[in-house]
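Student: Please find the sequence and the predicted model below.
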Amino acid sequence: MMVKIEYEGGRTTLFDTLSFTDGSPFSGANMLTEFELEMREDPEKGLWLTANWHQVRDDWCADAPADGIPAARKSRGWRFMLASEAELGRARRVLLDGDEAFARVRGYLCDAAAICACYREHVAPPSKLLKSQIRNLQRALGRAEVPGVPDELARMLAEEKEEGTDEGARKVKEDWGDVDEESW
């Protein structure tokens, strides 16, 4: 798994979980590693990657169920801070294997994966910018709150929509009688 964080000013950090520095960081008994990428408040606010492992031991074969297949046991592994709260304040987006996991909209870092999942469920496969997806979801859900969007940003976008202002949109009046033919 590759985690890429793009920051303002062009700085990029890249984390590669495919190759640990030690061939087997979980004492040789690891058969499966499970990764969790999440924003956390504890132990310190920031973007964290947790690596859990599924341990196997020969003596667990004796406890195998009737089918004879022993079960590995999930164990908590290690937690890695990928970006502190201060660093996240400068992050433009976080990519997970090339897909947006978090992206900045109007100064707020949003959970892009949660927004896209909700969009896919309630509207259609996402093909628009994140801000447009949020607005479409607000209409589809009939409320300002959207999963993965900070409440303050959701309220701001909903109020903009109610006021009829859409950033970047231009209202064009097609009145052919007012067209200056010389400007053609």
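Tutor: That came in fine, so what should we check first? Numbering: from 1, shown residues only.
Student: Please parse the chain into its domains.
Tutor: The chain resolves into domains spanning 1-97, 111-166 when parsed by automatic domain parsing.
Student: Of those domains, flag the one that's most buried.
Tutor: Most buried of the domains of the chain, by mean neighbour count (mean count of other Cβ atoms under 10 Å): domain 111-166, with a mean of 16. Every residue, glycine included, has its C-beta placed from N, CA and C.
Student: And the domains of the chain: which comes nearest R104?
Tutor: Across these, R104 has its closest neighbour in domain 1-97 (5.4 Å, Cβ to Cβ).
Student: ok, and what's touching the helix-or-strand element of the chain with minimal mean pLDDT?
Tutor: Per-element confidence for the chain was summarised using mean pLDDT, DSSP states H and E. The lowest value among helices and strands belongs to helix 151-163, with a mean of 81. Contacting residues not belonging to helix 151-163 are listed as 105-106, 108, 110, 131, 134-135, 138, 144-146, 166-167 [Cβ atoms under 8 Å, 6 or more residues apart in numbering].
Student: Kindly recompute the last result at 6 Å.
Tutor: In this structure, residues lying in contact with helix 151-163 by Cβ atoms under 6 Å, 6 or more residues apart in numbering are R106, Y108, I134, R135, Q138, A144, E145, V146.
Student: out of these, who's nearest T17?
Tutor: Distances from T17 to the contacts of helix 151-163, taken as Cβ to Cβ, are shortest for Y108 (27.1 Å).
Student: That closest one bridge partners, please.
Tutor: Beta-bridge pairing of Y108, defined through DSSP bridges, involves V105.
Student: Now do the same for the residue lying closest to A51 once chain neighbours are set aside: helix, strand or coil?
Tutor: Closest residue in space to A51, ignoring its immediate chain neighbours: G77 at 4.3 Å, by Cβ to Cβ, 6 or more residues apart in numbering. Three-state secondary structure (criterion: DSSP: H, G, I helix; E, B strand; the rest coil) places G77 in strand.
Student: Quickly note the distance from G77 to Y119.
Tutor: As defined by Cβ to Cβ, to the nearest Å, G77 lies at a distance of 33 Å from Y119.
Student: and if you look at A62?
Tutor: Taken as Cβ to Cβ, the spacing of A62 relative to Y119 amounts to 49 Å.
Student: Next, the contact list for L95, please.
Tutor: When contacts are counted by Cβ under 6 Å, 6+ apart, L95 touches K4.
Student: That one in helix, strand or coil?
Tutor: Three-state assignment for L95 (three-state DSSP): strand.
Student: mind listing what the residue positioned nearest the centre of the chain touches?
Tutor: Centrality entry for the chain: nearest residue to the mean C-alpha point is A101, 2.2 Å, by Cα atoms, centre = their mean. Residues counted as contacts of A101 (Cβ under 6 Å, 6+ apart) are V94, A113.
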